[in-house]
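**Student:** Sequence first, predicted coordinates after that:
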Number of protein chains: 2
Amino acid sequence: MGQAQGIRARQREETQQRILTAARHLFAQVGYERATIRAIASAAGADPGLVMRYFGSKQELFSQVASMSPDDGLTGTPEEVTEYVLTSLAAKLTEEPSATLAMLRSMLTHPEAAEEVRAAANRQERQLAAAIVADDAEARAGVIGAITLGTLIARHLLQLNGLAAATPAQITSLLRPCLQSLTRDPARTPHHAAPAGDPH
Amino acid sequence: MGQAQGIRARQREETQQRILTAARHLFAQVGYERATIRAIASAAGADPGLVMRYFGSKQELFSQVASMSPDDGLTGTPEEVTEYVLTSLAAKLTEEPSATLAMLRSMLTHPEAAEEVRAAANRQERQLAAAIVADDAEARAGVIGAITLGTLIARHLLQLNGLAAATPAQITSLLRPCLQSLTRDPARTPHHAAPAGDPH
DNA sequence: GTCTATATTCAGATAGAC
DNA sequence: GTCTATCTGAATATAGAC
């Protein structure tokens, strides 16, 4: 095998990359069903047939594009966990995490995407629940997951006024007390009333 | 015109109602695109042609099914607003609000649904922001909207472990401190530390 | 008033020419 | 290696029979 194949392989790599990024952005913008192979190829400046040839099927292309990397760092004291969740969320609020958004955009109408999100969310909930010392730790972890989910959807996918206009720092500042009340030992934060002020 | 038309008109009303409820549930289960006219008609025990005849188009059927009623009651003191949001959320956690779920399921992939949700959310955010006395009232209202949105999605549409298993009372109990910290006058609840306890 | 048959459009996937 | 042409299936919507 001489140089010729190396050049062609290189060309192919580049085309594949262009297809992948185009697919990632289209899936994030319009979801799995409306992101057609034709539109993806057109956005990547490639041929629809090539997309099929390189990735086999639309579903396989989606899988390669929208994998969710598992979170680590969800361990330690409640305070550490709170801050980790907040900084990790802040990162996803400043830059648009297009791979994650592709998943989120598609999860309500594409069963495979829903399954991926469920798996990732359940992993995260198990880690969170282990760090929270409470008998209702699972519910607390679930609420934390719902809050981050709702925040990302509201800002990036729906562009609701309140959240799209706010800065990431503003949002995380507002969420800090929420997460603290959810991760803190419930024996010290009763549900219905605070009989005395902050115990110190 | 005699009785005959009355009977037929009555028949038609019943068929229309069966179609509407079938459509509502199917839209809530699989979203706008995957809920085909054929499937809706089949679930309603009616003919696909009738659905078109009665409602004109799929989009019009969706509009009739999935209208979001505007919230009132979002006014008063921060405490009152917090409790109103919580009880209104609790209601949507116990029974499955299929009209709302039809909207939510479709909002990420169907532009018309997204526009409806945006309009409803912005209405609610304006009402909430008016009740919250703070310079960042819009951001606070946006975070409250994101939290309720995320909670409903996680429980009803994704069935994430933590939230699907919890009781509505558990969830609202956990969310109460969150909402209190978001609606309370920020001058009295600084972000980073609580210098003194509850002022009364 | 209700249902059958079909026109039209558009998607994913395949086979084969260049 | 890349692109053209086409097959197949499914969905909305329409026209017309019963």
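**Tutor:** Structure's in. What do you need?

**Student:** Residue A:160 and residue B:144 touch, don't they?
**Tutor:** No: under the criterion of Cβ atoms under 8 Å, residue A:160 makes no contact with residue B:144, lying 11.0 Å away. Heads up, the C-betas are built off the backbone N, CA and C, glycines and all.

**Student:** what is in contact with the two at once?
**Tutor:** Taking Cβ atoms under 8 Å, 6 or more residues apart in numbering or on different chains as the criterion, residue A:160 and residue B:144 do not both touch any residue.

**Student:** neighbour count winner among those two?
**Tutor:** residue B:144 (27 against 22; other Cβ atoms under 10 Å in any protein chain shown).

**Student:** wait, what's in contact with the more buried one?
**Tutor:** B:85, B:128, B:179, B:182, B:183.

**Student:** can you put the residues you listed in a markdown table and add distance to residue A:78?
**Tutor:** Formatted as a markdown table, the contacts of residue B:144 follow (distance: Cβ to Cβ, whole Å):
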| residue | distance to residue A:78 |
| --- | --- |
| B:85 | 25 |
| B:128 | 29 |
| B:179 | 20 |
| B:182 | 20 |
| B:183 | 23 |
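
**Student:** Drop anything exposed from those.
**Tutor:** Buried members of the contacts of residue B:144, counted by 16 or more other Cβ atoms under 10 Å in any protein chain shown: B:85, B:128, B:179, B:182, B:183.

**Student:** how about TSV for these, with pLDDT and distance to chain A added?
**Tutor:** Listed next are these as TSV, based on pLDDT from 0 to 100; distance: Cβ to the nearest Cβ, whole Å:
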residue	pLDDT	distance to chain A
B:85	98	14
B:128	96	9
B:179	98	8
B:182	98	6
B:183	96	11
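
**Student:** got those as TSV, with secondary structure columns?
**Tutor:** Shown next, in TSV, are the buried ones among the contacts of residue B:144 (DSSP: H, G, I helix; E, B strand; the rest coil):
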residue	secondary structure
B:85	helix
B:128	helix
B:179	helix
B:182	helix
B:183	helix
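
**Student:** nearest to residue A:169, of those residues?
**Tutor:** residue B:182 (16.0 Å; Cβ to Cβ).

**Student:** Excluding chain neighbours, give the residue nearest to that closest one in space.
**Tutor:** residue B:140 (4.9 Å; Cβ to Cβ, 6 or more residues apart in numbering or on different chains).

**Student:** gap between residue A:74 and DNA strand D?
**Tutor:** According to Cβ to the nearest atom of the strand, to the nearest Å, residue A:74 stands 40 Å off from DNA strand D.

**Student:** wait, what's in contact with that residue?
**Tutor:** Contacts of residue A:74 (Cβ under 8 Å, 6+ apart): A:81, A:84, A:85, A:124, A:127, A:128, A:131.

**Student:** give me that answer again for 10 Å
**Tutor:** A:80-81, A:84-85, A:88, A:123-131, A:141, A:144 (Cβ atoms under 10 Å, 6 or more residues apart in numbering or on different chains).
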